[in-house]
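Engineer: Only the shape, not the letters, is given here:
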């Protein structure tokens, strides 16, 4: 009988404990979960903040690197043109700014690498030449005040600086039978862009314009040089020249001349062939 009573009281006690746990445990777990969630949320915000700061730091470093690269590029550009200031007047005459000069191109601006550039001088010569840009600069340089007249009716006045073609021809040792120079350009490299009579070049001491208004000839103007064809229409002022061939073919016609433009191209004469 006593054993049955003890068992009964144990069952009652355990039931009571179970009831208490049933009431307390959810509250305890809720509190723990809330604290755990709060901790995780706080940790997440901290990690997010750290990641954001790290990202911002990386962006700052990248911006600093890019800025340094840009500064270096600007410095190099400045060094390249630091000693070149565009002339606005020469021999008492106001010059046309490069930015306002008219310009034509058959196939758009040609970009020639200065370090790899070579001017080939061949044909009827005893001593063919392959001249670098620096070698062209090493010849005596002279400056002209010259107006370029386009057959379309516009013109501009500029200061042109460069070596005489005669100086180059002297080194090439031209054969007596040579009558013309054919100028091959980067945009018309095979057929030849235009030609000029050898006598005209010699008599007028024609120069190759390496500079315009004291500025190294820009790509759009014909770098490395533009032939300064005194008293001739602009289509004789060859740009982006890569080869000068001495020839006896007086019947040669260049790009524009082959479609009817006057081969003489005298700026006071007819623009087109009359026959």
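Structural biologist: Perfect, thanks for sending it. Since we're looking at a predicted model, the values are computed, not measured. Numbers count the residues shown, from 1 in each chain.
Engineer: For residue 182, see how far away residue 267 is.
Structural biologist: From residue 267 over to residue 182 the distance is 21 Å, taken as Cβ to Cβ, to the nearest Å. Backbone N, C-alpha and C define where each C-beta goes, glycine included.
Engineer: and residue 169, what helix or strand is that in?
Structural biologist: Per DSSP states H and E, residue 169 falls inside helix 165-172.
Engineer: and the helix or strand following that helix, average pLDDT?
Structural biologist: Downstream of helix 165-172, the first helix or strand assigned by DSSP H and E is strand 180-185. For strand 180-185, mean pLDDT rounds to 98.
Engineer: now the angle from strand 180-185 to helix 165-172?
Structural biologist: 100 degrees (axes from the mean of the first three to the mean of the last three Cα atoms, to 10 degrees).
Engineer: Quickly run through the sheet partners of strand 180-185, with directions.
Structural biologist: With DSSP bridges as the test, strand 180-185 is paired with strand 194-197 (antiparallel), strand 241-247 (antiparallel).
Engineer: What does the pLDDT read for residue 60?
Structural biologist: The per-residue pLDDT of residue 60 was computed as 40.
Engineer: got a list of what residue 131 touches?
Structural biologist: For residue 131, the contacting residues are 118-119, 121, 168, by Cβ atoms under 8 Å, 6 or more residues apart in numbering.
Engineer: actually residue 257, not the one I typed
Structural biologist: Shown in contact with residue 257 (Cβ under 8 Å, 6+ apart): 194-195, 263, 265.
Engineer: Of those - the most surrounded one?
Structural biologist: residue 194 (28 neighbours; other Cβ atoms under 10 Å).
Engineer: ok so, going back, turn the contacts of residue 257 into CSV, including pLDDT and distance to residue 136.
Structural biologist: Below are the contacts of residue 257 laid out as CSV (pLDDT from 0 to 100; distance: Cβ to Cβ, whole Å):
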residue, pLDDT, distance to residue 136
194, 98, 19
195, 98, 20
263, 97, 27
265, 97, 24
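Engineer: nearest to residue 90, of these?
Structural biologist: Among the contacts of residue 257, residue 265 lies closest to residue 90 (Cβ to Cβ), at 24.5 Å.
Engineer: element containing residue 192?
Structural biologist: In the assignment (DSSP H and E), residue 192 maps to no helix and no strand.
Engineer: Report the beta-bridge partners for residue 241.
Structural biologist: residue 185.
Engineer: need the contact list for it.
Structural biologist: Each residue near residue 241 by Cβ under 8 Å, 6+ apart is listed here: 119, 183-185, 193, 208, 222, 224-225, 227.
Engineer: same deal with residue 232?
Structural biologist: 196, 265-267.
Engineer: For ChimeraX, write the selection for the buried entries among those.
Structural biologist: The buried subset of the contacts of residue 232, as determined by 16 or more other Cβ atoms under 10 Å, is captured in ChimeraX by this line:
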select :196,265,267
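Engineer: Strands - which of the contacts of residue 232 land there?
Structural biologist: Using DSSP state E, the subset of the contacts of residue 232 located in strands is residue 196.
Engineer: which one of the contacts of residue 257 sits closest to residue 248?
Structural biologist: Closest approach between those and residue 248, by Cβ to Cβ: residue 195, at 11.6 Å.
Engineer: Pretty sure the closest one sits against residue 179.
Structural biologist: No: using Cβ atoms under 8 Å, residue 195 is not in contact with residue 179; the gap is 9.5 Å.
Engineer: shared neighbours of those two, anything?
Structural biologist: Overlap of the contact sets of residue 195 and residue 179 (by Cβ under 8 Å, 6+ apart) consists of residue 247.
Engineer: still on that earlier bit, for the contacts of residue 257, which one is nearest residue 172?
Structural biologist: residue 195 (16.4 Å).
Engineer: Thanks a lot, catch you later.
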